[in-house]
Structure formats: C-alpha cells, structure tokens
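Provide a 3D model corresponding to the input given below.
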Amino acid sequence: MYITTTDCNKCGKCWEVCPTDCIKHPEGLPFSCTTCGVCASVCPTTAIRKNKFGGYYVDRTRCTLCGLCVLHCPFDFAKIVDDPVLKMNRVRGICVRCGQCVKVCPKNARIDVLGHMEVPMDYARVLEIASPEKLKEILEGKKAEAKAVTAK
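Below is the predicted model of the structure:
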C-alpha cells in the first residue's frame, strides 16, 4: 500500500504516471488503492490475481466484466471503463504495485508502507493501519502493530 505524506505538493505526477488509474485525488491529495484483495476474493472467475510485488492484476482473458470487484471495492477504486485503444471495456483502478508513483514524486511524499508491516494483511487491518495515528507511527519508523480482530 502506498500512502502520501503531508510533504505532498499536489503536483499530480503520481496519478498522471499510474498505469492502472488506481490513485484518486480528493482535494488534490493522492489516495491509492490499498491492495486489500477484496476485489480478488469476490471475483467468480479468479481473473483478479496477486502478482509477485503484492499488487493485483486483471487477467482479461478470464474477466467477464461481471462488476463484483467494482461493487465490493471498499474504497471505490475498481471500475469498468471503455478502453479506446483495446476497443473494449475493462477493469481499471486496481494497484499492481509498480512503484511508478513513488519514483516520480518530487517531494518523496509517496511511501511504500508494506515494507514496514507484516503481510499478508486482511481488510480489517488495512482499515486500522490507514488511520492518521498509525500512519504517523509508520512514517516515524515504528513497526505497525495491528490489534487482533475478534469476531462477534
């Protein structure tokens, strides 16, 4: 998962370079797909698969465009779009963890927090770590410890 620190100058280079269109920018601040894997877990054809970098990709030969990934994406990143180059619809918005957003940031405000945490992470842990307090701890170099989630 990539996060944006307060050093961000809102230049937009990160979302311009993103090959999967997985960065939103509410109020100019970049917010990325968290790679929580919910999209992959609900895909009935296993078209959404984890890659070796910890991100996800969509195998277009398996994808039926059923829209379950769009429906279940907790942060509304996954979407079905018309691709004029391929002349077909396809799923976009899922992070492949290519790191291009980190490389182009002139302020080094994009941080890969997965290097600071244990993986794999479930969705509940992603939500907990995404809190401002936990992100501050991560940026200060502290190991991110998530509380155990108990079923009710």
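
return the distance of Gly12 relative to Lys103.
15 Å (Cβ to Cβ, to the nearest Å). Heads up, the C-betas are built off the backbone N, CA and C, glycines and all.

quick check on the spatially most central residue of the chain: phi, psi?
The structure's the chain has its C-alpha centroid closest to Cys33; by Cα atoms, centre = their mean the separation is 2.1 Å. Dihedral pair for Cys33: phi -50, psi 130, per degrees, to the nearest 10.

and the strands in this structure?
2-4, 23-24, 31-32, 48-50, 56-58, 79-83, 88-92, 110-112 (DSSP state E).

can you list the strands that the fifth one pairs with?
Spelled out, that is strand 56-58. strand 48-50 (antiparallel) (DSSP bridges).

could you list the buried residues of the strand it pairs with?
Of the residues in strand 48-50, Ile48 count as buried by neighbour count, 16 or more other Cβ atoms under 10 Å.

ditto for stretch 46-57
47-48, 54-57.

again with stretch 89-106
For stretch 89-106, a neighbour-count test (16+ other Cβ under 10 Å) marks 91-98, 100-102, 104-105 as buried.

hmm, back to that, which pair of the buried residues of stretch 46-57 spans the longest distance?
Ala47 and Gly54 (18.1 Å; Cβ to Cβ).

in the protein, which ranges drop under the pLDDT threshold?
For the chain, the stretches with pLDDT under 70 are 115-123, 125-136, 138-152.

80 instead, please
Applying pLDDT under 80 to the chain flags the ranges 114-152.

which residue ranges of this structure form helices?
13-17, 38-42, 68-72, 100-104, 123-129, 132-139 (DSSP state H).
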